[in-house]
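Novice: compute the structure for the input listed below.
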Amino acid sequence: MELNGKIDNDHIARHAALYIRQSSLRQVMENKESTKRQYALRQKAISLGWQEEDIDVIDDDLGVSGASNTQRSGFKRLISEVSQGNIGIVISIEASRLSRNSSDWSNLLEVCKLTRTLILDEDGVYDPGDFNDRMLLGLKGTMSEAELHYIHARMKGGLDNKARRGELKINIPIGYVYDDFDQIVKDPDEDVQRVINLVFKTYARFHSCQRTVRELRGQNILYPKKDRVGYNCRTFMWREITHKQILRLIHNPIYAGVYQFGLRKYIKTLNGYKTIIQAKEDRIAYIENHHEAYIPIEQFNLNQRSLAEHRVGKRGNDIQRINAVRQGCALLQGIVYCGKCGKQMSVRYDTYPAYGTIISRPSYWCVEEKVQTGADACQRTSGTVIDKAIGDLLVEIVSPLAMSSVIQVQNELIARDKEIDVIKIKDLGRYRKEMEVARNRYLNVDPENIHVARRLESDWNNKIKIYEERLNQYERERRNNFDSIDEITTQYIMSIADNFKSIWTNPAVSNEERKRMVRLLIDNVMITQLEDNIHLVICFRAGTVKELDIQKGKKSYETWRTPKEALEIIKTSLDKFIPPSEIATLLNSKGLKSGKGVSYTRILVHNLIAYHNFRSLSQRYIDLGYIPQIEIIKKTGLTGKKIKRLRDTKKITNYKTAEKNKFFYKLEDFSAYMAK
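Specialist: Reported below is the predicted structural model:
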């Protein structure tokens, strides 16, 4: 038995812990000699005096890195046994097997010192309680940590250099594959290419991921999906498209021909790892025109700007404004700026009920300084009058160019329908192939396997049902698409091409569509509110600038005032002794509206007569000597039914009607019928 001066009976009385570790599963499978060397240290412990049954082999950490003890259950068990005084010696082939982290290594040494536990490696036996041994062990731990650092540095340096040349193979998304020379090329599957091109074209129309998803799902467009590993790693599975897929597609610069590496940087903190998005110039590699692109880089940058505009929230000290098209009637929402301070103006809406409807009036506020410092708003102006001026200007400018624009839009619609039709035909082919595969499986099954045959028959019937449903749906949608671009529709579009005003004022056109029309032509609008008017500086997309002065909008109570034309008609009609119900009908027939934009009624006309102190029909009839029916009843003693009977039998013909069921008579006409 081999003896060592540092080992005494107290050490022998306790167990020996043989710690075995490999850094990765690949090393465990391929570097088997290293594992055998570590297990062979059992004989070293036996030669030093330990019995074989007293040697505890801790190999839980095979395939786990020694950079930290977080994932190493075996190392934690070793520390626990040592701290309880159950271990007399810790055996490992070298310090790097125990730990490549200085804090974990120092913790082990401190526990071994307090429990008088020895440490054994291939070079000899060490006592952590001895100063010289402890210093030597500390040096070995530092060298082990430095070795890990150099290994990582060499590996990362090689990867980074290869990435800077654009030669490092990275995970590529749907639509791209690696060829035989490890070059990124478009997926040769034309169906995949068509779907991706369709997604980008649809997003370019709406600049909204949600609208893109709704549009493609409405067209029953399927999106290819491929698992990274497993049975389906080489086969496409076609599923309904989702918002996450659209967002990843639009965000990824690889579709613009850009090779990118090092987008995210991970920093270790007390609370775990923190992810930092690197700027373009700080990334390890950002190579444009690296491979064939689906969209140009200019379109990619425009898409990123659109996504940023849709992102809402506060980041740092900057308040991110909403520039994307949103709901609401404010025409210039997101593109209007203050002419005094140059900052972006926000939108406010004043809503109020009016005869069963909710009326909303926009206004533009410059509140950036108010939000930041609590100062007063820079300026506030009514949005109604500004939006009307912008709309009138667009009608005036766009009309001469409407014909060419409509023709271009029509051609785009036709091309888009053709692309979608090709994709749908391919989808039908896949469903038909699945149906035929299910049929062949059923026909080739052994008839004696009744349960299997029933299952395959049910699967075949389901595939037939799905195929027929998709076929009927395709034929129905195909007819609708052809109807949308037939000759009659073309003639109709051409008939309104020169009249942009009819399109702009069409009530079927939503606020969002009007805003998109504005953004196609106008980049931004600068508003300066002066004492008597509002000065607008309009910057068009084409680069031209137009200045416009408009009168200030009316106060809210002024906009509610009844038009003068309606008041004149009411006054003239009263002079002609026309009752309020007929006056309301006359006003509505002329297309007039009240100050709140509603149609006239008998009650509304009656209230206007009272508010403007017009002499009502009742007052006019009293001035002519007529008496209300209620007074006739009091003075003559007749009942209302008796008076009605006299009126219906033409015995009383001299009467006037002010309103519904409100009659005026002459008292002397009832002298012969007074109650006795």
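Novice: in the stretch 401-550 of the chain, what residue spans correspond to strands?
Specialist: Ranges of strands within the stretch 401-550 of the chain are 522-529, 533-540, 545-551, based on DSSP state E, counting those that start in this stretch.
Novice: for Glu147, give me its contacts.
Specialist: Ser96, Arg100 (Cβ atoms under 8 Å, 6 or more residues apart in numbering). No exception for glycine: its C-beta is placed from N, CA and C like everyone else's.
Novice: if we use 7 Å, what do you get?
Specialist: Ser96 (Cβ atoms under 7 Å, 6 or more residues apart in numbering).
Novice: that one should be in a helix, yeah?
Specialist: Yes - counting by DSSP: H, G, I helix; E, B strand; the rest coil, Glu147 is found in a helix.
Novice: where's it relative to Arg97, distance?
Specialist: Distance from Glu147 to Arg97, counting by Cβ to Cβ, to the nearest Å: 12 Å.
Novice: do Arg615 as well
Specialist: 110 Å.
Novice: so these two - more neighbours on which side?
Specialist: Arg97 (21 against 13; other Cβ atoms under 10 Å).
Novice: for Ile79, find the nearest of the strands of the stretch 401-550 of the chain.
Specialist: strand 522-529 (64.9 Å; Cβ to Cβ).
Novice: what's the closest one packed up against?
Specialist: strand 336-338, strand 533-540 (3 or more Cβ pairs under 7 Å, 6 or more residues apart in numbering; DSSP states H and E).
Novice: out of these, which one sits most buried?
Specialist: strand 336-338 (a mean of 23; mean count of other Cβ atoms under 10 Å).
Novice: for it, the distance to its chain's centre please.
Specialist: The chain centroid and the centroid of strand 336-338 are separated by 26 Å, computed with Cα atoms, centre = their mean, to the nearest Å.
Novice: can you list the strands that the first helix or strand past that strand going along the chain pairs with?
Specialist: Next in sequence after strand 336-338, counting helices and strands by DSSP states H and E, comes strand 346-354. Applying DSSP bridges, strand 346-354 is found paired with strand 357-365 (antiparallel).
Novice: ranges for the strands of the stretch 151-300 of the chain?
Specialist: 176-178, 184-186, 222-225, 237-240, 259-261, 264-269, 272-277, 285-287.
Novice: and the helices in the stretch 551-676 of the chain, which stretches?
Specialist: Applying DSSP state H, counting those that start in this stretch to the stretch 551-676 of the chain gives helices spanning 556-559, 564-575, 580-589, 602-611, 617-623, 629-636, 640-648.
Novice: related to what we said a few turns ago, for the strands of the stretch 151-300 of the chain, which one sits closest to Asp532?
Specialist: strand 272-277 (49.7 Å).
Novice: tell me the angle that closest one makes with strand 264-269.
Specialist: 150 degrees (axes from the mean of the first three to the mean of the last three Cα atoms, to 10 degrees).
Novice: quick check: mean pLDDT of strand 272-277?
Specialist: Averaged over strand 272-277, pLDDT sits at 81.
Novice: how about stretch 73-81?
Specialist: 86.
Novice: what does stretch 207-215 give?
Specialist: Mean predicted lDDT for stretch 207-215 stands at 82.
Novice: columns distance to Arg602 and mean pLDDT on top of the strands of the stretch 401-550 of the chain, output as a markdown table?
Specialist: Listed next are these as a markdown table, based on distance: least, Cβ to Cβ, whole Å; pLDDT from 0 to 100:
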| stretch | distance to Arg602 | mean pLDDT |
| --- | --- | --- |
| strand 522-529 | 42 | 85 |
| strand 533-540 | 40 | 85 |
| strand 545-551 | 35 | 84 |
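Novice: how about these, which one is nearest Gly429?
Specialist: When these are compared (using Cβ to Cβ), the closest one is strand 522-529, at 45.5 Å.
Novice: how distant is that closest one from the center of its chain?
Specialist: On Cα atoms, centre = their mean, the centre of strand 522-529 falls 28 Å from the chain's centre.
Novice: now do that strand and strand 545-551, the angle between them.
Specialist: Going by the same axes, to 10 degrees, strand 522-529 makes 40 degrees with strand 545-551.
Novice: list the contacts of strand 522-529.
Specialist: 332, 335-340, 345, 364, 379, 381, 386, 534-541.
Novice: please redo it, this time with the cut-off set to 6 Å
Specialist: With contacts defined as Cβ atoms under 6 Å, 6 or more residues apart in numbering, strand 522-529 is touched by 332, 335-337, 339, 379, 381, 535-541.
Novice: state the pair within these that is farthest apart.
Specialist: Gln379 and Arg541 (25.7 Å).
Novice: more neighbours: these two, which one.
Specialist: A count of neighbours by other Cβ under 10 Å puts Gln379 above the other of Gln379 and Arg541, at 18 against 11.
Novice: show the model's pLDDT score for the closest residue to His606 other than its chain neighbours.
Specialist: Leaving aside its chain neighbours, His606 sits nearest to Pro580 (4.9 Å; criterion: Cβ to Cβ, 6 or more residues apart in numbering). Note on Pro580: pLDDT of 87.
Novice: how about the contacts made by Pro580?
Specialist: Arg602, Val605, His606.
Novice: which residues are in contact with stretch 241-248?
Specialist: By Cβ under 6 Å, 6+ apart, stretch 241-248 touches Cys209, Thr212, Val213, Leu216, Tyr223.
Novice: please read the previous query as pertaining to stretch 12-27.
Specialist: Under Cβ under 6 Å, 6+ apart, the answer for stretch 12-27 is 28, 38, 41-42, 45, 49-50, 54-59, 61-63, 65, 78, 86-92, 97.
Novice: filter these down to the buried ones and express that as a ChimeraX selection.
Specialist: Per 16 or more other Cβ atoms under 10 Å, the buried members of these correspond to this ChimeraX selection:
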select :28,38,41,42,45,49,50,55,56,57,58,61,62,65,78,87,88,89,90,91,92,97
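Novice: which of the contacts of stretch 12-27 fall in strands?
Specialist: Within these, residues falling in strands by DSSP state E are Ile55, Asp56, Val57, Ile58, Asp59, Asp61, Leu62, Ile87, Gly88, Ile89, Val90, Ile91.
Novice: grab the nearest non-local neighbour of the first one.
Specialist: Put plainly, it is Ile55. Using Cβ to Cβ, 6+ apart, the closest residue to Ile55 is Ala16 (4.8 Å).
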